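*Asks:* Structure, please.
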Amino acid sequence: MAQKKRHTNTILGILLLAALIAWDIHTHQVQTFFVGRATSQPPADEVLQSEGLPLLRPGTLTLGQGNPTVAIAAAIDAELPQPAAIDDSLSYEQVDAIVRRALDLDQSGRSIRDVIESDDWVVIKVNSVSNRGDMGSDGCGSRWTHDCTEHPGQITDLRVAKSVINYLIEHVEPQRITIAEGGSGSPRKDKPGFPSYAVDDSWSATYPMFADLSYMKILQEFAAMGTSTAVDTSDLNYAPFRRQPIPGGAISRLGVTRLTFAGAQYGFHIDGSGNFRSEDEGYFVPETILDADKVISIPAMKTTIYGTTLGIKNYVGTLAPLAYGSGLSKAAHYEGNPEQGYVDLFSYNPAAYTVIEGFWSTEGDGPQRGDNVQHNLVVVGSDPVATEAIANITMGYNPLDLEVHHLAAVKGFGTFDREQIRVVGRPPESVQHNFVKSKAVRASSGETLYYGRGIRRWLAAGPFPTNDIELEHLPGEEQLRPGEGQAAGQHIWTRVEHLGYSAERLLLNEIFGRDADVVNYAFTLVRSERQQEGYLWFGYNNMAKVWLNGEVIFADPERRNFALADLKIPITLQQGENRLLCKIGNVSGNTAMAAHVVDEDGDRLPGIEFILTTEAPTAIAAETATTLPGTPELTGNYPNPFNPTTHIRFALPRAASVQLTVYNSAGQKINTLVEETLAAGHYEAIWDGRNYAGYNAASGVYFAVLESANWRQTHSMVLAR
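*Replies:* Numbering: from 1, shown residues only. Okay, the predicted model is just below:
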């Protein structure tokens, strides 16, 4: 298939790989955390040139090269031929119009019309975990039904698949389009695993709620059109497969955690072995996925215990299960951590374009046991992480809470930073339906099991003798605002940050030792864009005391066993910085805690971030200071170039509310170092070369931007790893 093109692409790929290797050797640096894949350009008048590189106007979000575009179209759009309610049942013509509108809205230069070429073999990865051709031996027992009600919300809407294929043929006419799926609950007829009592498989079953379509009917329709594009199907459960290393390396090899204690990377290893995946181990993957020129992921909107299952998790169906001797099971993909597993599977041929549809969706205990939702919208884009992040907002989830976004961004598949994403069409909040979250196994309590991935970044100190939480182990506990490396009695405040399946658990006993009858402290800053009310979801063992902005919001000297989100403590965040200090007493030598700042539903409160500081902006000693300038002045940084820390100096002739921010050369905000009102004087702030998420920024040119209401200054800096 497209042999000439493949040969050319192979040569180009080798040259590109060589260049990337050379760059990697030069920089010795992992990729920066927020990475965009789209290439949309901002209007020229939105870009300021400073020292030859783009910067932001005050108050203006500049979306430059590397910033993705995500498009949203919904049934309520007035521009449609037949607008409808967001939860109406729609005809094929209405669905087709919504899909086409979304695809047309993407004018980024990375639209589906741009990323798919005429000589491509395109794989349309749909989702079909079960099908109405298998109603169970009793007519009501299979995964296709929930409470004896048909459950189309758990699979891709066939109308959307047909619409996308039509659109591709009309606009691009690629050489071949293959509808592919490896659903473990919906295998091909006459193949191993097909139930004896089933009538049809997912390929031949006809769906009344999807305009009486089946995939076989779709093939027949396109065959009758006489188009030069060949349209076929591939059941990935039975397709030929190859074992190949994970492109870019397995997540476990990318240093996504800085913790070294046992269990810090729980879930990143081969299940049961305690060993990390080797660089060349990889997975068995169907050749359909490995050899296709482009993949388009078309998932339905669904909830799971991990949050949602959208474009990246759709790749679970790309595992070759028969290679593992496991029948149709997909268990080999995660081996301890499902999210890490399907991000690794996604690496083999990342989606060139993602179309997320919500015409029939699943909420609650999805995808198999949830409830149907009609949420008539489509979210599309070429950046798979950005597209998924915006779709999650329409589902009532905070993208920052979902582990898959963090892991996919670390591997460079895209950005989930809302400020870096251009949304065209309808704002996601305008069509938001708060999907019911997955429920707890703990049926007795009825607690919500879904828990947005919690605070990952702490300053911790300990251990201190005696487990009496009322004893003031550090003077002025309620006023503490420590910085990394500062003294904490006889100890120092240590930065602790990590990703992983158990990322929300802070295992203080593994960091500071398993001594019994001690206390440990954990501190973070919660920055909020406005005053707002919420909850601290808190779990710990053995005893605890918690302060927020110097006020005790919880204290219990009695022993308690750890349970995630065991306590839901009402809190009020003030606008700006909020100090959160947890003190954990230890009786047995086993100290763990988890905390998150959320709404009633368990989602991170909007407009907050968890930050750490090395030091507050420090006034320079009088003997080294010069006379104050007549106007605010950003005097520079030292050292420059630097690795990894630099000191940025500025002076204020009078008190002012200022912000000191670091941008990269694409105009993307990397970190905010100062955001407060300061008195007149000379100041020095420290940047440790990390972005908002705590990951090392790549080598390159960065800009310190000092601004207030009526003025703005810029200074260039060079980070040389």
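
*Asks:* For my notes, confirm residue 539 occurs in a strand.
*Replies:* Yes - checked against DSSP: H, G, I helix; E, B strand; the rest coil, residue 539 lies within a strand.

*Asks:* Low-confidence regions, the stretch 101-250 of the chain specifically.
*Replies:* Applying pLDDT under 70 to the stretch 101-250 of the chain flags residues 137-139, 141-142.

*Asks:* what bits of the stretch 351-500 of the chain have low per-residue confidence?
*Replies:* For the stretch 351-500 of the chain, the stretches flagged by pLDDT under 70 are 440-449, 497-500.

*Asks:* Tell me where it has strands.
*Replies:* 353-363, 371-373, 377-381, 422-425, 457-465, 487-488, 491-492, 494-497 (DSSP state E, counting those that start in this stretch).

*Asks:* how distant is the fifth one from the center of its chain?
*Replies:* Spelled out, it's strand 457-465. Taking CA atoms, centre = their mean, to the nearest Å, one finds the center of strand 457-465 at 28 Å from the center of the full chain.

*Asks:* I'd like the distance between the residue most central in space within the chain and residue 315.
*Replies:* The residue lying closest to the centre of the chain (CA atoms, centre = their mean) is residue 405, at 1.4 Å. Applying CB to CB, to the nearest Å, the value for residue 405 to residue 315 is 15 Å. (C-beta placed from N, C-alpha, C; glycine too.)

*Asks:* Residue 368 too?
*Replies:* For residue 368, the distance to residue 315 - CB to CB - is 18 Å.

*Asks:* and residue 661, what element?
*Replies:* strand 656-664 (DSSP states H and E).

*Asks:* For that strand, buried residues please.
*Replies:* Buried positions in strand 656-664, judged by neighbour count with 16 or more other CB atoms under 10 Å: 656, 658, 660-664.

*Asks:* which other helices and strands contact it?
*Replies:* strand 646-652, strand 669-678, strand 700-707 (3 or more CB pairs under 8 Å, 6 or more residues apart in numbering; DSSP states H and E).

*Asks:* repeat that with 6 Å
*Replies:* Here strand 656-664 is seen to pack against strand 669-678, strand 700-707 when contacts are counted using 3 or more CB pairs under 6 Å, 6 or more residues apart in numbering; DSSP states H and E.

*Asks:* That one pairs with which strands, and in what direction?
*Replies:* strand 669-678 (antiparallel), strand 700-707 (antiparallel) (DSSP bridges).

*Asks:* Mean neighbour count and mean pLDDT added to these, as TSV?
*Replies:* Below are these laid out as TSV (neighbours: other CB atoms under 10 Å; pLDDT from 0 to 100):
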stretch	mean neighbour count	mean pLDDT
strand 669-678	16	88
strand 700-707	21	91
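
*Asks:* Just put those strands in a markdown table and tack on distance to residue 630.
*Replies:* Listed next are the strands paired with strand 656-664 as a markdown table, based on distance: least, CB to CB, whole Å:
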| stretch | distance to residue 630 |
| --- | --- |
| strand 669-678 | 17 |
| strand 700-707 | 16 |
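
*Asks:* can you pull out the helices in this protein?
*Replies:* 3-27, 92-105, 112-115, 158-171, 215-225, 287-291, 338-346, 384-394, 403-410, 508-512 (DSSP state H).

*Asks:* the domain parsing of the protein - what is it?
*Replies:* Per automatic domain parsing, the domain ranges recorded for the chain read 1-30, 68-431, 457-611, 618-719.

*Asks:* Let me know which of the ones you listed is tucked in deepest.
*Replies:* Greatest average neighbour count among these goes to domain 68-431 (a mean of 21), per mean count of other CB atoms under 10 Å.

*Asks:* thinking again about what came up before, what average pLDDT does the strand holding residue 661 get?
*Replies:* Average pLDDT, strand 656-664: 92.

*Asks:* Contacts for it, please.
*Replies:* Here strand 656-664 makes contact (CB atoms under 6 Å, 6 or more residues apart in numbering) with 669-675, 677-678, 685, 687, 702-708.
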